[in-house]
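Participant: Show me how the following folds:
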Amino acid sequence: MLGPKLPPAVLQTPGYAHYSLAWSPFHKNRIALASSANFGLVGNGRLHIVSNAPDLHVDKFFETQDGLYDVAWSEVHENQVVTASGDGSIRLWDIMLNNFAIASWQEHTREVFSLDWSNINKDTFASSSWDGSVKLWIPDRPRSLSTLQAHHACVYQALFSPHQPSILATCSTDGTLKIFDLRSPAYAPSSNTFSTPLSAAALTVPVSGSEVLSLDWNKYRPFILATGGVDKAVKVWDCRMVKMGGDGGVGGVCEAHLPGHEYAVRKVQWSPHSPDVLASASYDMTCRVWNKGRLVYIHDPHTEFVVGCGWSLYDQGLLATCAWDSRLNVFRV
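Facilitator: Numbers count the residues shown, from 1 in each chain. As a prediction, this is how the structure comes out:
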């Protein structure tokens with residue numbers, strides 16, 4: 001085996017397949033878990049608030065009318081979390097209150113598939129949807145700040161750069177990774193849509209001939225990103241290499257091509273503690289850990305698609321995975 005295997009801590013949530021997890025930026029042992037009944041195809045959803053001390057257990061859960069696909073913690077309020085739903089809605093929850101969301105937005109016309117709270121502009125978060133758009137939000141406003149018509153097709157993920165607050169990356173069904181500079185005059189919040197929405201990307205990276213399902217920014221190296229998708233490969237991109245065209249830049253150099261997964265890669269996440277360590281989760285029911293481009297660990301106790309993984313922000317080497325088998329695993333690599 002590629003590394004010593006210690007049994008993970010396991011939490012089972014019967015009847016709810018997991019889609020995403022997020023470690024709290026405020027509390028070392030708190031995890032938010034987005035889940036859906038019937039594998040997210042039909043039925044309701046559930047937000048679980050989980051503690052990892054002294055063992056894994058559910059502190060509280062909130063029911064939703066449709067499945068939940070993603071979750072993100074507020075960077076301002078330690079008890080607030082935002083969820084993305086299959087009915088196109090976004091909800092803000094206070095985990096100290098019971099039953100009902102404290103805010104709700106319904107602008108996306110299809111499933112909301114990802115959420116990201118900026119860790120620099122801490123009052124702002126982004127959502128991406130199957131409707132092809134990305135929207136920027138401030139929680140105390142009734143409507144979105146602005147809308148990026150980022151792709152012609154489903155936007156699986158949109159993430160703010162951890163280095164520059166005005167830079168946002170997206171990935172899509174169309175096989176591309178795009179980087180947007182929100183300082184562009186076209187993105188002024190006074191207009192609700194961009195003047196040249198489909199050609200406004202500062203950089204377009206042709207990642208794959210198939211869908212790109214996930215991306216993540218390296219936390220130490222600006223403009224280094226990882227992607228994963230239907231082609232089963234994890235790829236690392238240096239997006240400083242740009243060839244300018246009439247509608248923006250095209251380029252990006254593939255710094256590393258990491259084969260190994262047997263099915264589509266559903267999630268990639270760089271370690272917050274190392275510039276060289278990357279985790280990937282896949283429909284092959286494994287989570288894999290890479291270090292400097294080499295496969296160093298395989299986590300394979302799950303019995304269904306592994307669709308989420310996340311590194312602890314406080315405890316180096318501690319990794320969580322969630323899957324359609326209704327299990328949340330926490331283990332040390």
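
Participant: Point out where the chain drops to low pLDDT.
Facilitator: For the chain, applying pLDDT under 70 flags the ranges 1-5, 40, 185-200, 243-248.

Participant: go again using 90 as the cut-off
Facilitator: Along the chain, the parts satisfying pLDDT under 90 run over 1-7, 38-43, 53-54, 98-99, 150, 152, 183-202, 240-252.

Participant: Start and end of stretch 108-124, how far apart?
Facilitator: Distance between the boundary residues of stretch 108-124 (CA to CA, to the nearest Å) amounts to 17 Å.

Participant: ditto for stretch 89-98
Facilitator: 19 Å.

Participant: and it, how far from the chain's centre?
Facilitator: Taking the mean of its C-alpha atoms, stretch 89-98 sits 19 Å from the chain's own mean (CA atoms, centre = their mean, to the nearest Å).

Participant: What residues of it count as buried?
Facilitator: Judged by neighbour count using 16 or more other CB atoms under 10 Å, the buried positions of stretch 89-98 are 89-93, 95. C-betas here are computed from N, CA, C, even on glycine.

Participant: contacts for that stretch?
Facilitator: Contacts of stretch 89-98 from elsewhere in the structure, counted by CB atoms under 8 Å, 6 or more residues apart in numbering, are 47, 49, 59-60, 62, 64, 66, 74, 77, 79-85, 101-106, 108, 112, 115, 127, 137, 139.

Participant: try it again with 7 Å
Facilitator: Contacting residues not belonging to stretch 89-98 are listed as 47, 49, 60, 62, 79-85, 101-106, 112, 127, 139 [CB atoms under 7 Å, 6 or more residues apart in numbering].

Participant: Any of those residues buried? List them.
Facilitator: Among the contacts of stretch 89-98, those that count as buried by neighbour count (16+ other CB under 10 Å) are 47, 49, 62, 79-85, 101, 103, 105, 112, 127, 139.

Participant: Name the nearest of those residues relative to Gly310.
Facilitator: Set against Gly310, the nearest of the buried ones among the contacts of stretch 89-98 by CB to CB is Val81 (13.8 Å).

Participant: Just the CA atoms of the helix or strand hosting the closest one, as CSV, please.
Facilitator: Here Val81, judged by DSSP states H and E, is contained in strand 80-85. Coordinates of each C-alpha in strand 80-85 appear next as CSV, following Å, rounded to 0.1, in the frame of the first residue of the first chain:
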residue,chain,number,x,y,z
GLN,A,80,-23.8,31.1,9.5
VAL,A,81,-23.6,28.8,6.5
VAL,A,82,-25.1,29.0,2.9
THR,A,83,-26.5,26.1,0.9
ALA,A,84,-27.0,25.4,-2.8
SER,A,85,-30.2,23.6,-3.8
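
Participant: Now do whatever helix or strand comes next after that strand against strand 80-85, angle only.
Facilitator: As assigned by DSSP H and E, the chain's next helix or strand after strand 80-85 is strand 90-94. Comparing the axes of strand 90-94 and strand 80-85 via axes from the mean of the first three to the mean of the last three CA atoms, to 10 degrees yields an angle of 150 degrees.

Participant: Partner strands of strand 90-94 and their direction?
Facilitator: strand 80-85 (antiparallel), strand 103-105 (antiparallel) (DSSP bridges).
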